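S.K.: Dropping a prediction and its sequence here:
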Amino acid sequence: MKNKDILDKINSLSNEEKRNLDYNELVNIINVLSPDEIISLSNIIGYPVFTRLCMGDLKHKFVLLQDGAAAIIVNNKGQILLQSRADRDKWGLPGGCQELGERFQDTVIREVKEETNLDVLEKDLELIDIVSGKSRRNEYPNGDVVINNTALYLIKNYSGELKWDTESKEMKFFDLDKLPINQNDPDLIKIYINYVNKM
């Protein structure tokens with residue numbers, strides 16, 4: 001099978017099937033791919049999942065460092081958009097992990113589109129901060145523990161109709177003084193509030 005056919009076959013798998021690729025099968029696949037094809041494979045599977053798959057038996061034990069971007073999307077009432085995540089009972093900001101070779105700007109634009117269906121132009125991104133450290137520790141229901149390095153962007157201009165994918169149960173704009181208690185990203189929201197208060 002040609003390398004392109006291998007990548008096409010993996011690309012056709014469901015997300016669940018990609019997450020459950022056999023370690024030995026993955027080793028055999030990676031051994032025949034060029035570095036650029038391995039980057040493509042990582043982006044097909046998703047970098048964090050791909051990295052964990054490459055760890056074999058240690059995949060849920062190893063604490064992973066993840067780079068990514070998150071968006072504070074503000075409507076004309078000054079409210080911010082939060083998503084109720086499908087994998088836990090918490091409200092968080094749209095955003096996600098950076099793929100190999102992707103700029104933070106590309107990450108946040110892609111993630112906002114995937115998670116909210118909203119279109120954002122790069123010129124409308126306002127970098128608030130690069131957030132790292134212990135406040136960015138996150139645990140997932142499957143046992144994975146990660147430390148995120150997050151580029152936090154403010155987005156006031158966007159277009160499109162708000163819709164959400166299977167990662168979210170609901171999306172809603174909130175007043176800053178009426179935010180839900182069960183937040184996934186309280187550190188990022190606090191940084192945004194401090195940012196607004198300094199303006």
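M.R.: Ah, there it is.

S.K.: Every contact and neighbour count from this point should use C-alpha atoms.
M.R.: OK.

S.K.: Parallel or antiparallel, which strands does the lowest-mean-pLDDT helix or strand in the chain pair with?
M.R.: Across the helices and strands of the chain, mean confidence by mean pLDDT, DSSP states H and E is lowest for strand 137-139: a mean of 88. Here strand 137-139 is paired, per DSSP bridges, with strand 145-155 (antiparallel).

S.K.: Other residues contacting the partner strand?
M.R.: Identification of contacts with strand 145-155 by CA atoms under 8 Å, 6 or more residues apart in numbering yields 60-74, 104, 108, 120, 124-134, 136-139, 188.

S.K.: how distant is it from the center of its chain?
M.R.: Averaging C-alpha positions (CA atoms, centre = their mean, to the nearest Å) puts strand 145-155 8 Å from its chain's average.

S.K.: so how far is the least confident helix or strand of the chain from its chain's centroid?
M.R.: Mean-position distance between strand 137-139 and its chain equals 13 Å (CA atoms, centre = their mean).

S.K.: Other residues contacting it?
M.R.: By CA under 8 Å, 6+ apart, the list of residues contacting strand 137-139 from outside reads 145, 146, 147, 148.

S.K.: next one: stretch 19-28
M.R.: With contacts defined as CA under 8 Å, 6+ apart, stretch 19-28 is touched by 45, 49, 50, 53, 54, 56.

S.K.: quick one: contacts for the second one?
M.R.: Residue 49 makes contact with residue 19 under the criterion CA under 8 Å, 6+ apart.

S.K.: which element is it on?
M.R.: According to DSSP states H and E, residue 49 maps onto helix 47-53.

S.K.: Can you turn the buried part of the contacts of stretch 19-28 into a PyMOL selection?
M.R.: PyMOL command restricting the contacts of stretch 19-28 to the buried ones, with burial defined by 16 or more other CA atoms under 10 Å:
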select buried, resi 45+49+50+53+54
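
S.K.: sorry, back to before: helices and strands around the helix or strand just after the helix holding residue 49, which ones?
M.R.: Scanning forward in sequence from helix 47-53 by DSSP H and E, the next helix or strand is strand 64-73. Packed against strand 64-73 by the contact rule (3 or more CA pairs under 8 Å, 6 or more residues apart in numbering; DSSP states H and E) you find strand 80-85, strand 95-97, helix 104-116, strand 145-155.

S.K.: avg pLDDT for the third one?
M.R.: Model confidence over helix 104-116 averages 96 on the pLDDT scale.

S.K.: likewise stretch 151-159?
M.R.: Per-residue scores along stretch 151-159 average to 98.

S.K.: What are the buried residues along that stretch?
M.R.: Going by neighbour count (16+ other CA under 10 Å), the buried part of stretch 151-159 is 151, 152, 153, 154, 155, 156.

S.K.: Most widely separated two among those residues?
M.R.: Across the buried residues of stretch 151-159, no pair lies farther apart than 151 and 156, at 16.3 Å, counting by CA to CA.

S.K.: Pipe the contacts of stretch 19-28 into a markdown table and attach pLDDT and distance to residue 22 per row.
M.R.: A markdown table is the format used below for those (pLDDT from 0 to 100; distance: CA to CA, whole Å):
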| residue | pLDDT | distance to residue 22 |
| --- | --- | --- |
| 45 | 95 | 13 |
| 49 | 91 | 13 |
| 50 | 94 | 12 |
| 53 | 94 | 8 |
| 54 | 94 | 10 |
| 56 | 89 | 9 |
